[in-house]
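>>> quick check, what structure comes out for this input:
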Amino acid sequence: MASTWDSHGNLSAMLTLNTDQLSPGVTVEVRDEEWLVTHVSRAKDGFKLRVRGLSEYVRDTTATFYTALDRVTVFDPTQVTVVPDHSPGFRHSRLWIESTLRQTPLPLYQRELSVATRMLADPLDYQLTAVRRALSDDKSRPRVLLADAVGLGKTLEIGMILAELIRRGRGERILVVTPKSVMEQFQQELWTRFAIPLVRLDSTGIQQVRQSLPASRNPFTYFPRVIVSLDTLKSPKYRAQLEKVTWDAVVIDEIHNATNVGTQNNELARTLAPTTESLILASATPHNGDPNSFKEILRLLDPLSVLPDGSIDPDAAQRLIIRRHRHSPEVAQVVGAKWATRQEPLNIPVDASPEENAVARELHHTWTNPGSHAPSGDRLFPWTLVKAYLSSPAALAETVRGRLSRIADGPSPERTALEHLTDLAARITPENSAKYAALVNYLASIGISKKSPTRAVIFSERVATLHWLQDNLSRHMSMPKGAVKVMHGGLSDTEQMALIDEFKREDTPLRILVTGDVASEGVNLHSQCHHLVHYDIPWSLIRIQQRNGRIDRYGQTEHPQITTLLLDPADENAVGELHVLTRLMEREHEAHEMLGDASSLMGKHSVNGEEDVIREVLQGLRDFDQAVATPAEVLSGAHARQATTGDDPLSTSLDVDAMLAMWGMGPVDAVDDLTPASTASSPLDTEQAPHRDSTYSREIDYLRDALNEAFHDVPSASITRNGVGFIEHPNHVAELTPPDDLCRRLDYLPQDYVSYRKVKDTFLLATTVDRGKEQLKAAREGDSQKSWPKAHFLGPLHPVSDWASDRALSSMARREVPAVTGRVDAPTVLLIGTLTNSRGQVVTRAFLTATEGPFGPTPPEGIPRTTVETIPDLVSWLEGIDFGARAISTGAWTLPAGLDDLFGAAATEATSHMDLIRQSAHDRAVERTEQWMDRYSAWSATAAHTPASSRVVSRTVPLIDQERALLQSLTPERTLIRPLLVIVPASAQEG
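Take a look at the predicted model:
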């Protein structure tokens, strides 16, 4: 049944289900309640709708309905009543426009960024380039590997990408998977800077969820945005639950830990990849030395990127991978003082004490060069003893005890040798250890003391060394309780995160963090620290690089100093090999400056593989320069490879190391040309690239207006008096008391933040970027016990703004469109037209104006009654007609006659206008599909001529079928026209 109008111009009936009008932003009635549609997708026998409640009983409730199961009634957005707006400054209309814009997703492939540049971050050009490439329409869906070197801000890039996806309606459900040591850090960055809330499901979080949910409930369906560790998801129980849910976006940090086929981590990644539209992988070391593992990453992103013969399609790889380092031109020219350059490494040779020399001689003569009288047949164990000795006497004693417990009781040459070594090691004490004395002297020289704020992080591979250093440093440096703490992999995830958080904050007693390599990946330690000491040297360039990156990263304002203590025994034949370990440190520094990545120098791409090589160098079995290439040699090989590979996408000679090194030397040529030339002047360009996205210049202005509208101009009243206690303080901080409906939304915020800052009692908001940064700094440098800011930055995606928007809209009568006066020559209807695909995503949108045509209300046959024009920049157009912050309304004016007829004609003509835009969008979708089909044809041709590819093909074909179905679903399918506003000439105002 169609909608009709009564004699007074009021809507008297509603539309039944019209699938052409099922789009985000429309209002529907289901089960006798009214709902706002937020997402539409096809189901097997109809449509699946995600909605948010509008009517009183279901307000703020989210739900999912299927048209095959429920009777869905769509309210035709063009069948509305025009009502004059008499509010001050047309506030009612301005809120209506702004709230409608916010609830309408931006086009999928809009090239201009909307919210990424308005967050609590200082986005740099190279970071924005990464965001644009991730969202580029040369991909059917956002899938990317962020392979920037350590310290460039991959977390910030991820936050900006997710923020843009959310604004485009592609980020309602988000899953982030990280190592457990960085979960809280990642969660804090996304919430404090981008207002993207993630519920942490660590060991504690899962226990809390189980207490609040039925045992049979899948926690991944309950929380829309989740962060969880790789270790947690290894459980088969959670794997089964993950297979049953889908996501809009999945982020996997440190993806190199999940690329070895057959491992639990790899099974997890392969489980998640098909369940999400957007996939963001991140790793500073994406190549672990096994080309098949690197290809596994590419297949997760794009199944066609690896051909059936096992070769990599270099063009596809270049589209998928973003790789830069500290000294890449596009990075070096913009980081400036935000990333102070690393000082030359300080390698301190330490002459061994007599006691240390005695152990070194014993290791050499009895264990590493025993001649024919070796105490043990194990050729590797002597070098385990050497590594332990170079760490600390405590580590050596622990290693010897462990060996003694595993060998047979009774006299034996090995037991005798071990017991003698134990006696010698016991004679090394903190008082006579030259290496330990050098550490104490160095720490004192940089200002470490109980009265100084200077901090240092000390790395060691052995837990025994960590505790030995903690006990003795506290005593010999007279440090107070809590000034020296230990972190290692044996601590729980919550204990590790608490230590990291404490080290970041200025007003804590912690001055020296003694840590194992659990802190070498992904952990940020640079906030209050720029001194790092290697107490023992890893026999791995990768591990050295990872350690150094904890303080040498974007945001480090002091020149970081990397210091190494090198024990030098007196006997030139004794263990230690000072020159080998010194050259290893120097080679890492050279690679840092030239390549941004040291893993390609040895070609092993794994810590264990590199340790094996260095052990052979120390044994004299290999030459150092043959085992460890120079950065210049790697670059020379990369450029030679570039010259010989050519443009053949089927080339099998592409070397992964060379490819990554080559990309790290400069920007990708195609970065500034993300859209094919054939569409550069497409009619879609105007509609897809609005200059501004908000009619409010400041978020606080919108929040203030929304609260005034929702709470009848008294939001400052208390909750008991139907207000929210809203107060704006002079220092750019606002506060409010969350009512019940807002408190329900706060359940999806980081619960550690909610409880620590008690935001359900009072929510404090920093209303400017500068104040937001000050609050972040204060949380880290003030007396806060945690790094959560007291006042949270009010950004464009803030849940308080979303809530206020919904409350403001719910206070307005639905199925009404406001009318205002403005600087126009004739009554004008402002409309928004959207094109959506079968997934309910907005492909493009246009803002249109309709005015009466030159022939008036009765034009000749075939001539449209209205003239429809496209508005390139909505905000500028509104300001041009005096509608905005400075609008003036006398509150006394009436609607001119004939608006109903004009309204209907405007909707009809706007629909015809959108048909032209729809055709252009359809052509671009066809072009994208054809490009994909060309790649698929090449892949299939290779498969047909590669007999050994059956296993690869069988794994890849289902993923290709999924990609093909996705492409088909991206074609524009439905057009929706919605009137936003009627503007009549200002002369309509009286008095």
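
>>> tell me where the stretch 751-900 of the chain has helices.
Ranges of helices in the stretch 751-900 of the chain, per DSSP state H, counting those that start in this stretch, are 751-757, 769-781, 799-810, 874-880, 899-944.

>>> so which of these is the most packed in?
Comparing those by mean neighbour count (mean count of other CB atoms under 10 Å), helix 799-810 comes out on top with a mean of 22. C-betas here are computed from N, CA, C, even on glycine.

>>> still on that earlier bit, out of the helices of the stretch 751-900 of the chain, which is closest to residue 628?
helix 899-944 (36.4 Å; CB to CB).

>>> quick one, the helix or strand following that closest one and helix 899-944 angle?
Scanning forward in sequence from helix 899-944, with DSSP states H and E defining helices and strands, the next element found is helix 950-969. Using axes from the mean of the first three to the mean of the last three CA atoms, to 10 degrees, one finds that helix 950-969 and helix 899-944 are set 170 degrees apart in direction.

>>> okay, now residue 52: neighbour count?
17 (other CB atoms under 10 Å).

>>> just residue 544 next, same as before
In terms of burial, residue 544 registers 28 neighbours under the definition other CB under 10 Å.

>>> which residues touch it?
Counting by CB atoms under 8 Å, 6 or more residues apart in numbering, residue 544 makes contact with 534, 537-538, 584-585, 588, 598.

>>> which element is it on?
Here residue 544, judged by DSSP H and E, is contained in helix 541-548.

>>> mind checking the pLDDT average for stretch 592-600?
The average of the pLDDT scores along stretch 592-600 is 82.

>>> buried sites along that stretch?
Applying a neighbour-count criterion of 16 or more other CB atoms under 10 Å, one finds 592, 594-600 buried in stretch 592-600.

>>> correct me if wrong, but residue 63 is in a helix.
No - the assignment for residue 63, made by DSSP: H, G, I helix; E, B strand; the rest coil, is strand rather than a helix.

>>> any idea how far it is from residue 627?
The gap separating residue 63 from residue 627 is 62 Å, by CB to CB, to the nearest Å.

>>> and if you look at residue 426?
Plainly put, residue 426 is 35 Å away from residue 627 if you go by CB to CB.

>>> how much space separates the spatially closest residue to residue 493 that is not a sequence neighbour from residue 186?
Leaving out its chain neighbours, the residue that sits closest to residue 493 by CB to CB, 6 or more residues apart in numbering is residue 180, at 3.9 Å. Note on residue 180: its distance to residue 186, by CB to CB, is 11 Å.

>>> compare those two and say which is more crowded by neighbours.
Comparing residue 180 with residue 186 by neighbour count (other CB under 10 Å), the higher total belongs to residue 186, at 23 against 20.

>>> returning to what we had before: of all the helices of the stretch 751-900 of the chain, which one comes closest to residue 269?
Shortest distance between residue 269 and the helices of the stretch 751-900 of the chain, using CB to CB, is found for helix 899-944: 21.6 Å.

>>> and the strands in the stretch 701-850 of the chain?
Remark: strands of the stretch 701-850 of the chain, listed N- to C-terminal, are 727-729, 733-736, 763-766, 792-793, 816-822, 828-837, 842-852; assignment by DSSP state E, counting those that start in this stretch.

>>> beta-bridge partners for the nearest residue to residue 57 once chain neighbours are set aside, please?
If the residues on either side of it in the chain are set aside, residue 57 comes closest to residue 33, at 6.1 Å by CB to CB, 6+ apart. With beta bridges defined as DSSP bridges, residue 33 has these partners: residue 30.

>>> count of residues packed around residue 33?
Applying other CB under 10 Å, we find 17 other residues in the vicinity of residue 33.

>>> check contacts around it.
Counted by CB under 8 Å, 6+ apart, residue 33 has contacts 53-55, 57-58.

>>> ok so, going back, of the buried residues of stretch 592-600, which is the nearest to residue 163?
residue 596 (26.1 Å).

>>> and that closest one, helix, strand or coil?
Looking at residue 596 with three-state DSSP, the answer is coil.

>>> isn't it up against residue 328?
Yes - in this structure, residue 596 is within contact of residue 328 by CB atoms under 8 Å, at 6.8 Å.

>>> which residue of this protein lies farthest from its centroid?
Distance to the chain centre peaks in the chain at residue 411, reaching 59.5 Å (criterion: CA atoms, centre = their mean).

>>> quick one: secondary structure of that one?
Secondary structure, three-state DSSP: residue 411 is coil.

>>> same question, residue 83
Local secondary structure at residue 83 is given as strand here, using three-state DSSP.

>>> what of the one 10 residues further on?
Local secondary structure at residue 93 is given as helix here, using three-state DSSP.

>>> care to break this structure down by domain?
The chain breaks down by the TED database into domains covering 19-75, 125-325, 364-426, 430-638+657-664, 699-811, 816-988.

>>> so which of those is nearest residue 336?
Put simply, out of those the one that sits nearest residue 336 is domain 430-638+657-664, at 10.4 Å, with distance taken as CB to CB.

>>> mind checking how far that closest one is from the chain centre?
Taking CA atoms, centre = their mean, to the nearest Å, one finds domain 430-638+657-664 lying 27 Å from the centre of the chain it belongs to.

>>> ok, the residue farthest from the centre of the chain to residue 846 distance?
From residue 411 over to residue 846 the distance is 91 Å, taken as CB to CB.

>>> and the helices in the stretch 301-450 of the chain?
Counting by DSSP H, counting those that start in this stretch, the stretch 301-450 of the chain has these helices, from start to end: 314-320, 329-335, 354-362, 381-391, 393-406, 413-426, 434-445.

>>> average pLDDT for stretch 873-882?
This predicted structure assigns stretch 873-882 an average pLDDT of 92.

>>> likewise for stretch 794-808?
Stretch 794-808 comes out with an average pLDDT of 91.

>>> give the contact list for the most centrally placed residue in the chain.
Against the mean C-alpha coordinate of the chain, by CA atoms, centre = their mean, the closest residue is residue 158 at 2.4 Å. Residue 158 sits next to 146, 190, 251, 253, 280, 282 when contact means CB under 8 Å, 6+ apart.
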